[in-house]
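Enquirer: Pasted the sequence and its predicted model underneath.
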Amino acid sequence: MDPLTHAISGAALARAFPKQPLPGRQLWLIILLAMAPDSDIVLRLISDPVYLQHHRGLTHSLLMLPLWSWLIFSLSSRQLKQNPVMPKLIGLALLLHISLDVITTYGTMLFAPLSDRRFSGDLVFIIDPLFSACLLLPLLAGLIWKRHARRFSIISFAVALGYLLLAYNNQQQAIALTRQAHPDATACHALPMAFSPFHWQLIAEYPDHYARAAVNLKPDFPGLRPLFSNAFVTTLLSRQMSVPERIRWQQLPAMHTVKNVSHLPGTAFYAWFARFPVLLKQDKQSMDFGDLAFGGGAPGVHAPFQLHIALPESRSAAQPRAWLVWRGDRKSELGQTGTPFRWLSMGNAP
């Protein structure tokens, strides 16, 4: 979830939970704590791959939550410690951040350091202004009618929960469409897409390939698309957005089906990081892989987190080199050929 939504959720929590309004500094503390788990961004000072490997790890772990809560409270001021509601509120702010991240597609390591498995609810896109508005608008109403500020903050969570129930219902419809089209698939998934809770990416998983499509469950609902240019919308969605009655499917080979792929640099890291790694392009000079979870392979989409491998012209030439392509021209070289460092590890999410 984006930092702004985390901050809004923290403000709503700080007004909804305590029966008495918090002092200004304590209010701002809860807002900051609702954003605090993303402080793992400092790992990018080491390297981008290290950041990707540990983002939404220890700082987002349910197992580590009591430790972080105790540490923050113990380092707090005497005035804050005298407020009996603050120990619970600190823990709730951190838990709220974790919960909002889990409902997205990226994946959160809830049980680090015992496991690096990433849990994903796949209910909302990584940035969803409609969901953010569910939290924000009642909160703003509470600033106007201050006598009812706590009530409006509670309403903000109720409206947000209603939005998630709508998203879950849409997700189940999308999964049903996938199963109907691919009854022999080993697994069927539906991932949220941008601009509307009715936009879904359908994924049917097979032993050697994936079938994917993009569907708009309610074409008459414009969502946020009219607010942006068609070019920008296509970049995040796809040039092929189907209606439920006429779904257009693509078939992409799974990454592991490429010959000798495990011997190439960066592929072990990418297989660990990506949920649905697929081959996008292969020739004598290079290979490109993408992750369906981030739009890889969708027509017209400039998907982030792609893996580009430059192949040598001959066996006597230099060794292959690999880069993780974030978006556009930004790249991070991946030199390792082995599996990245794992936690005590019960395994990554499939």
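Expert: Yep, it's here. Keep in mind that what you see is a predicted model, and the values were worked out from it rather than measured.
Enquirer: From now on I want contacts and neighbour counts done on CA atoms only, so please keep to that.
Expert: OK.
Enquirer: What's the end-to-end length of stretch 77-91?
Expert: Its start and end residues considered, stretch 77-91 measures 17 Å (CA to CA, to the nearest Å).
Enquirer: same deal with stretch 75-88?
Expert: Length of stretch 75-88, first residue to last, CA to CA: 15 Å.
Enquirer: which of the residues in it are buried?
Expert: When neighbours are counted by 16 or more other CA atoms under 10 Å, the buried residues of stretch 75-88 are found to be 80, 86-87.
Enquirer: Could you pick out which of these are located in helices?
Expert: The helices in this structure, assigned by DSSP state H, contain 80, 86-87 from the buried residues of stretch 75-88.
Enquirer: of the residues you listed, the lowest pLDDT goes to which?
Expert: Across the set of those, Leu80 stands lowest in pLDDT, at 89.
Enquirer: Look up how far Ile30 lies from that one.
Expert: Using CA to CA, one obtains 11 Å as the distance from Leu80 to Ile30.
Enquirer: Check Thr104 too.
Expert: Per CA to CA, Thr104 is found 22 Å from Ile30.
Enquirer: Tell me which of these two has more neighbours.
Expert: Ile30 (27 against 22; other CA atoms under 10 Å).
Enquirer: who touches the host helix or strand of Phe73?
Expert: Remark: Phe73 resides in helix 65-74, with elements defined by DSSP states H and E. Contact partners of helix 65-74, identified using CA atoms under 8 Å, 6 or more residues apart in numbering, comprise 59, 81, 86-87, 90-91, 94-95.
Enquirer: what's the lowest-pLDDT member of those?
Expert: When these are compared on pLDDT, Lys81 comes out lowest, with 90.
Enquirer: For it, which non-adjacent residue is closest in space?
Expert: On the basis of CA to CA, 6 or more residues apart in numbering, the spatially nearest residue to Lys81 that is not a chain neighbour turns out to be Phe73, at 7.2 Å.
Enquirer: Need the per-residue pLDDT for that neighbour.
Expert: 94.
Enquirer: can you give me the end-to-end distance of stretch 110-117?
Expert: End-to-end distance for stretch 110-117, by CA to CA: 8 Å.
Enquirer: Dump stretch 150-158 to PDB, keeping only the CA atoms.
Expert: As requested, the backbone C-alpha atoms of stretch 150-158 are provided in PDB (Å, rounded to 0.1, in the frame of the first residue of the first chain):
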ATOM      1  CA  ARG A 150     -14.500   9.600  16.600                       C
ATOM      2  CA  ARG A 151     -17.700   8.400  15.000                       C
ATOM      3  CA  PHE A 152     -16.700   9.400  11.500                       C
ATOM      4  CA  SER A 153     -13.300   7.700  12.000                       C
ATOM      5  CA  ILE A 154     -15.000   4.500  12.900                       C
ATOM      6  CA  ILE A 155     -17.200   5.000   9.800                       C
ATOM      7  CA  SER A 156     -14.000   5.300   7.600                       C
ATOM      8  CA  PHE A 157     -12.900   1.800   8.600                       C
ATOM      9  CA  ALA A 158     -16.500   0.500   8.000                       C
END
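Enquirer: quick one: contacts of it?
Expert: Surrounding stretch 150-158, the residues in contact under the criterion CA under 8 Å, 6+ apart are 12-13, 15-17, 19, 134-139, 141-142.
Enquirer: For PyMOL, write a command that selects the buried ones of the residues you listed.
Expert: Selecting only the buried members of the contacts of stretch 150-158 in PyMOL, with burial defined as 16+ other CA under 10 Å, works like this:
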select buried, resi 12+13+15+16+17+134+135+136+138+139+142
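Enquirer: between the contacts of stretch 150-158, which is nearest Leu217?
Expert: Sorting the contacts of stretch 150-158 by distance to Leu217 puts Cys134 at the head of the list, at 20.9 Å, by CA to CA.
Enquirer: and the helix or strand harbouring that closest one, average pLDDT?
Expert: Taking DSSP H and E as the criterion, the element that holds Cys134 is helix 129-144. Mean per-residue pLDDT for helix 129-144: 96.
Enquirer: likewise stretch 295-311?
Expert: Mean per-residue pLDDT for stretch 295-311: 92.
Enquirer: Straight-line length of that stretch, end to end?
Expert: 25 Å.
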